[in-house]
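Trainee: Next one to model:
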Amino acid sequence: MTTGQWIRGACIVGLWLFLVYILLSRVERIDGMVVFAIVASAIIVFVPLYKKYIRKKS
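Mentor: Numbers count the residues shown, from 1 in each chain. Got it, this is the predicted structure:
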């Protein structure tokens, strides 16, 4: 991975963490739906990035 790809990935991770922080700070209690939203968003964001940049292409 090039330096630009690392910076791009760090920005995406930072933005995702910021949005999770906003979600957690706005809810009254953490229940199953909040946890599901966080896990689902992580899958939607990070699986395509993993497939594109991390996984070895054979």
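Trainee: going forward, measure contacts between C-alpha atoms and count neighbours the same way
Mentor: Noted.
Trainee: quick one, longest helix in this protein?
Mentor: Under DSSP state H, the helix in the chain containing the largest number of residues is helix 3-26.
Trainee: which parts of that helix are buried?
Mentor: Buried residues in helix 3-26, counting neighbours by 16 or more other CA atoms under 10 Å, are found at Trp16, Val20.
Trainee: pLDDT (mean, whole number) over it?
Mentor: Averaged over helix 3-26, pLDDT sits at 92.
Trainee: next SSE after it?
Mentor: helix 32-49 (DSSP states H and E).
Trainee: now what about the longest helix of the chain, what contacts it?
Mentor: Ile30, Ile38, Ala42 (CA atoms under 8 Å, 6 or more residues apart in numbering).
Trainee: Most neighbours among those, please name it.
Mentor: Ile38 (18 neighbours; other CA atoms under 10 Å).
Trainee: how near is the residue nearest the centre of the chain to Trp16?
Mentor: Centroid-nearest residue in the chain: Ala42, 4.2 Å away (criterion: CA atoms, centre = their mean). Separation of Ala42 from Trp16 (CA to CA, to the nearest Å): 8 Å.
Trainee: same check, this time on Pro48
Mentor: Taken as CA to CA, the span from Pro48 to Trp16 is 14 Å.
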